[in-house]
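Undergrad: Fold the following.
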Amino acid sequence: MEGSGGSSPSIANPAPLGLAGFAMTTFVLSMINANFVSGGDTGIVLGLALAYGGIAQLLAGMWEFKTGNTFGAVAFTSYGAFWISFWVLVTFNAAGLANADHAISLYLWAWAIFTAYMTVGSLKVSGAVLVVFVLLTATFIFLAIGQNNLPATGVDTMHKIGGYLGLLTALAAWYASFGGVVNSTFGKTVIPLFPAKK
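TA: Model prediction:
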């Protein structure tokens with residue numbers, strides 16, 4: 001997501017914003033998925049999911065279209081929509097699903113598939129972004145498997161592993177965002193993002 005092809009000098013790089021919104025929202029939800037915070041506190045992530053992970057990231061995706069960066073545009077717009085859909089799902093639909101665990105598992109598998117093929121695209125972006133996508137693909141897979149096997153306690157080992165992977169994903173995304181902000185501000189590479197060879 002870092003590194004916009006054909007970027008215009010009239011627009012700042014939107015990737016650090018998109019990565020930051022994704023990172024913070026993922027971090028808070030992953031603290032719950034890893035069972036560091038009670039599952040009863042899921043409501044705490046909903047505001048972030050709608051505003052920062054959702055709307056801010058969606059805007060970053062729209063700005064990536066302006067810069068001509070197809071990968072960034074598709075990634076940020078899609079994951080912004082993911083967080084908005086998560087907000088809608090939890091706020092309005094999840095409790096009314098006939099078989100919520102299996103339905104949410106399907107939802108997570110669909111996002112795992114999307115993330116897996118975006119990982120291929122990330123090979124040409126940067127090493128920092130590649131790490132984000134590899135970890136995110138694994139996160140979705142473990143969460144999907146765990147969601148399908150959730151016991152009455154709401155805690156499953158696979159689900160918790162997905163939470164731990166989500167925390168690593170968030171840290172990797174924050175690193176990429178941090179690098180984008182600092183390198184742009186200083187006008188030179190201060191934080192290495194390991195750009196892909198062209």
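Undergrad: Check which helices and strands the longest helix along the chain sits against.
TA: Longest helix of the chain, by residue count under DSSP state H: helix 157-186. Secondary-structure packing of helix 157-186 (3 or more CB pairs under 8 Å, 6 or more residues apart in numbering; DSSP states H and E): helix 15-33, helix 127-148. Using the backbone N, CA and C atoms, a C-beta is placed for each residue, glycine as well.
Undergrad: Flag every buried residue along it.
TA: Within helix 157-186, the residues that count as buried by 16 or more other CB atoms under 10 Å are 158-181, 183.
Undergrad: Over to stretch 35-42?
TA: In stretch 35-42, counting by 16+ other CB under 10 Å, buried: 35, 37, 42.
Undergrad: Keeping just the C-alphas, turn that stretch into CSV.
TA: The C-alpha coordinates for stretch 35-42 follow below in CSV (Å, rounded to 0.1, in the frame of the first residue of the first chain):
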residue,chain,number,x,y,z
ASN,A,35,-8.7,-12.8,24.9
PHE,A,36,-6.6,-10.0,26.5
VAL,A,37,-9.8,-8.0,26.7
SER,A,38,-13.2,-9.5,27.4
GLY,A,39,-15.4,-10.4,24.4
GLY,A,40,-18.2,-8.6,26.1
ASP,A,41,-16.3,-5.4,25.4
THR,A,42,-16.5,-5.7,21.6
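Undergrad: looking only at pLDDT, what's the mean for it?
TA: What stretch 35-42 shows for mean pLDDT is 85.
Undergrad: Likewise for stretch 158-167?
TA: Across stretch 158-167, pLDDT averages out at 95.
Undergrad: on that earlier part again, and the longest helix of the chain, how far from the chain's centre?
TA: 9 Å (CA atoms, centre = their mean, to the nearest Å).
Undergrad: That one versus helix 15-33: what angle between them?
TA: Relative orientation of helix 157-186 and helix 15-33, computed by axes from the mean of the first three to the mean of the last three CA atoms, to 10 degrees: 160 degrees.
Undergrad: Could you figure out how far helix 157-186 is turned away from helix 127-148?
TA: Relative orientation of helix 157-186 and helix 127-148, computed by the same axes, to 10 degrees: 160 degrees.
Undergrad: Now tabulate the buried residues of stretch 35-42 in a markdown table and tack on secondary structure and distance to A144.
TA: Output for the buried residues of stretch 35-42, formatted as a markdown table (DSSP: H, G, I helix; E, B strand; the rest coil; distance: CB to CB, whole Å):
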| residue | secondary structure | distance to A144 |
| --- | --- | --- |
| N35 | coil | 17 |
| V37 | coil | 21 |
| T42 | coil | 17 |
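Undergrad: just the helices and strands packed on helix 157-186: most buried one?
TA: Using mean count of other CB atoms under 10 Å, the stretch among the helices and strands packed on helix 157-186 with the largest mean neighbour count is helix 15-33, at a mean of 25.
Undergrad: Using JSON lines, lay out the helices and strands packed on helix 157-186 together with distance to L46.
TA: Formatted as JSON lines, the helices and strands packed on helix 157-186 follow (distance: least, CB to CB, whole Å):
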{"stretch": "helix 15-33", "distance to L46": "10"}
{"stretch": "helix 127-148", "distance to L46": "17"}
